[in-house]
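>>> Sequence and predicted structure below; questions after.
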Amino acid sequence: MSFDILNSSILALNKALREKKISCRELTELYLKRIKKYKDLNAYISVFEDESLKRAESVDKDGFSENDSVLRGIPVSLKDIFMFKGHKTTCASKMLSDHVSVYNATVTKRLEDKGAIVIGKNNMDEFAMGSSNEHSFYGPVLNPWDTARVAGGSSGGSAVAVSAGLSQISYGTDTGGSVRLPASYTSICALKPTYGRVSRYGVVAFASSLDQPGPMARNVEDLAAAFDAVAGHDEKDSTTSTRQYQSILGHIKNNVDGNEKKFCKKCIGIPRDFLKEGLDPEVLKSFESVVSVLEKAGFSFKDIKLPHAKYALDVYYIINTAEASSNLARYDGIRYGFRSTEFSDLKGLYSSSRSLGFGEEVKRRIALGTFVLSAGYYDAYFIKAAKVRRLIRRDFEEAYKTCDMILLPTAPTTAFKIGEKTSDPMTMYLSDIYTVPVNLASIPSLSFPSEFGSDNMPIGMQLLGRHFDEQTLFEAAWLLQKERPDWFNKVSVK
Ligand code: GLN
């Protein structure tokens, strides 16, 4: 095969498929072979080999018509949190290790309707709780750039699948950074859409006011195509917006490509006060070089303030645990999932099933969440956190009166060593410092790769936008990719 599949975008693959330069079977086989070759990275919980090949053959047989989606025939993977009818959805938990989906998530359905080939489901932190992907019932995901290091979480399997070329694109979920953080640790792009842009129907719930599915890809066009395929109102999720969604890939290809100068006049805010504590000097250096690339491209910069951002982690770890403790109450050993045999009465059945079915981190969150919601502490913790959340959101609204986007590092450091932070959850939570304010404010954020640190590990940055203004983020990311193509489209292993 002379066609270079791994280094091609979805648009290039679509063209090659249409012109029969490659077959969908060849494309799917390549990814399936690589999944086997790099099995030790532990990026997948399940792989649908025969089924994917059959689907690929039917795409080859039926061919392409003019209006087909660019995702037709493209191998994609899903974090194991999305329902996929007839397939297991484990959420990387013993609790759901035998759970077979009885319906499709809207994300899954939209992909299937477009002819994308779901080749497998990715490893993740149990119930999406974590920043390193070490909290999985199926073991940690390894970072392909250095297998002694974490992949980032909680969508670590998805990030590694994309980075190592084990699927063209993947979908994760982002409650407090879970698509962006692993993207940054593995040198790929990821989008946390505005809350309400992508349906949560059929996505196992963690913290419902923060959860948002988001695409992950090796380049900006693929990220746009992946977002286009799933975004927009869904009557099955009343929190999705009815606002019209316009294709971002179409906008980039028809308006931006070739006219870049027109799209680089916007202003980017920098919250200098927030760039202090715990930020690795090398990440800060890379931040400055992203600023100079964007400046050269024509963007202007402005110092802004996010005075309440320093409380974001505290607020986040109160709200997410409260919502998780309520959402996870449904796993009682009766209606869903794992049931212990070690019990003598009904209460014993509940507690034994939950004690044995959930991992450490999940139990920690349930305990914390139950505490902050309990009578006597509810006002002091949960209500207070909800009020501070409002202030954080207001900070962004104020900032966006004077700028169009905000630039931040995605993570304060590069990927750390496996095991380095597992015994100290508080230090682990600090990895989310730059990602959680976005979820608390319900705004969109696009994470992209920048340079590598002296440890030879990737660094990532993120552009934050106004509610529902993902388009501006994509314009900037597209320009950046034009300026620094060497930062994008990397496949981490041969
Ligand atoms: N690391 C964060 C947490 O542990 C974010 C997880 C997520 O976005 N799903 O809660």
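Right, received. Where do you want to start?

>>> which residues touch the residue in the stretch 351-494 of the chain that the ligand sits nearest to?
Proximity to the ligand, evaluated over the stretch 351-494 of the chain using CB to the nearest ligand atom, is greatest for D432 at 4.7 Å. Bear in mind the C-beta positions are built from the backbone N, C-alpha and C, glycine included. By CB atoms under 8 Å, 6 or more residues apart in numbering, the contact set of D432 is S131, G176, G177, L181, L313, Y316.

>>> what ranges do the helices span in the stretch 351-494 of the chain?
360-373, 384-399, 425-430, 436-441, 470-483 (DSSP state H, counting those that start in this stretch).

>>> Compare the mean pLDDT across those helices and name the weakest.
Among the helices of the stretch 351-494 of the chain, helix 425-430 carries the lowest mean pLDDT, a mean of 87.

>>> Okay, buried residues for it please.
By neighbour count on 16 or more other CB atoms under 10 Å, the buried set for helix 425-430 is P425, M428, Y429, L430.

>>> Just name the closest of the residues you listed to I418, please.
Distance to I418, by CB to CB, is smallest for M428 among the buried residues of helix 425-430, at 12.3 Å.

>>> The closest residue to the closest one other than its chain neighbours: how many residues sit nearby?
Nearest residue to M428, sequence neighbours excluded (CB to CB, 6 or more residues apart in numbering): K421, at 4.4 Å. Applying other CB atoms under 10 Å, we find 19 residues neighbouring K421.

>>> For K421, which residues are in contact?
S132, T427, M428, S431.

>>> at 7 Å instead, please
S132, T427, M428 (CB atoms under 7 Å, 6 or more residues apart in numbering).

>>> Export the residues you listed as TSV, with columns for distance to the ligand.
Output for the contacts of K421, formatted as TSV (distance: CB to the nearest ligand atom, whole Å):
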residue	distance to the ligand
S132	8
T427	12
M428	8
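
>>> where does this structure dip in pLDDT?
1 (pLDDT under 70).

>>> what's the helix or strand where Y31 lies packed up against?
Using DSSP states H and E, Y31 sits within helix 24-37. For helix 24-37, the packing partners by 3 or more CB pairs under 7 Å, 6 or more residues apart in numbering; DSSP states H and E come out as helix 49-62, strand 75-79, strand 117-122.

>>> follow-up on the earlier one: so which of the buried residues of helix 425-430 comes closest to G153?
Among the buried residues of helix 425-430, and counting by CB to CB, the member closest to G153 is M428, at 9.3 Å.

>>> and the closest one, what does it touch?
Going by CB under 7 Å, 6+ apart, the list of residues near M428 reads S131, S132, K421.

>>> do L440 as well
A312, V315, Y316, R389, I392, R393.

>>> how does it look with 10 Å?
L440 is in contact with 176, 195, 209-210, 308-309, 311-313, 315-316, 319-320, 385, 388-393, 396, counting by CB atoms under 10 Å, 6 or more residues apart in numbering.

>>> what's the burial count for A375?
Neighbour tally, A375, other CB under 10 Å: 6.

>>> From Y381, how far off is it?
12 Å (CB to CB, to the nearest Å).

>>> same deal with M405?
Taking CB to CB, one finds M405 at 33 Å from Y381.

>>> quick one, which of the two is more surrounded?
Remark: of M405 and Y381, M405 carries more neighbours, 25 against 21, as counted by other CB under 10 Å.

>>> List the beta-bridge partners for that one.
I268 (DSSP bridges).

>>> you'd agree it is up against D469?
Yes. Counting by CB atoms under 10 Å, D469 is a contact partner of M405 at 8.4 Å.

>>> what do those two both touch?
Contacts common to M405 and D469, judged by CB under 10 Å, 6+ apart, are P444, E475.

>>> of all the residues in this protein, which ones are close to the ligand?
128-131, 154, 173-178, 206, 320, 432 (CB under 6 Å from any ligand atom).

>>> Any quick PyMOL command for the buried ones out of those?
Selecting only the buried entries of these in PyMOL, with 16+ other CB under 10 Å as the criterion:
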select buried, resi 128+129+130+131+154+173+174+175+176+177+178+206+320+432
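
>>> can you tell me which of the residues of the chain next to the ligand lies nearest to E51?
The closest of those, once distances to E51 are taken by CB to CB, is T173, at 23.5 Å.

>>> tell me the contacts of the closest one?
79, 81-82, 107, 124, 128, 154-155, 158, 179, 192, 198, 200, 203-206, 210-214.

>>> Next, check those against the helices and list the overlap.
Counted as lying in helices by DSSP state H, out of those, are V107, S158.

>>> which residues in the stretch 201-350 of the chain form helices?
220-230, 248-251, 281-297, 312-327, 346-357.

>>> most tightly surrounded among those helices?
Compared across the helices of the stretch 201-350 of the chain, helix 220-230 shows the largest average neighbour count, a mean of 28 (mean count of other CB atoms under 10 Å).

>>> That one vs helix 470-483, what angle?
160 degrees (axes from the mean of the first three to the mean of the last three CA atoms, to 10 degrees).

>>> and helix 220-230, how far from the chain's centre?
13 Å (CA atoms, centre = their mean, to the nearest Å).

>>> and if you look at stretch 343-358?
Using CA atoms, centre = their mean, the offset of stretch 343-358 from its chain centre is 33 Å.

>>> Centroid-nearest residue for the protein?
V179 (2.0 Å; CA atoms, centre = their mean).

>>> Checking S46 next. Helix, strand or coil?
strand (DSSP: H, G, I helix; E, B strand; the rest coil).

>>> show me what contacts it?
77, 80, 84, 87-90, 119-123, 138.

>>> Throw those residues into a markdown table and include neighbour count, thanks.
Output for the contacts of S46, formatted as a markdown table (neighbours: other CB atoms under 10 Å):
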| residue | neighbour count |
| --- | --- |
| S77 | 31 |
| D80 | 29 |
| F84 | 25 |
| H87 | 19 |
| K88 | 16 |
| T89 | 25 |
| T90 | 25 |
| I119 | 28 |
| G120 | 29 |
| K121 | 29 |
| N122 | 32 |
| N123 | 31 |
| Y138 | 19 |
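
>>> closest to L249 among those?
S77 (19.8 Å).

>>> picking up where we left off before, now the residue of the stretch 351-494 of the chain closest to the ligand: how far from M124?
Counting by CB to CB - D432 and M124 are separated by 16 Å.

>>> Same check on D113?
From D113 to M124 the distance is 24 Å (CB to CB).

>>> Those two: which is more packed in?
The neighbour comparison of D113 against M124 (other CB under 10 Å) goes to M124, with 35 against 12.

>>> That one contacts D174, correct?
No. Assessed by CB under 10 Å, M124 is found out of contact with D174, at 11.8 Å.

>>> Tell me, how many residues neighbour A56?
What A56 shows, counting by other CB under 10 Å, is a neighbour count of 22.

>>> Neighbours of the residue lying closest to L430 once chain neighbours are set aside, how many?
Leaving aside its chain neighbours, L430 sits nearest to G278 (5.9 Å; criterion: CB to CB, 6+ apart). Other residues within reach of G278 by the criterion other CB under 10 Å amount to 12.
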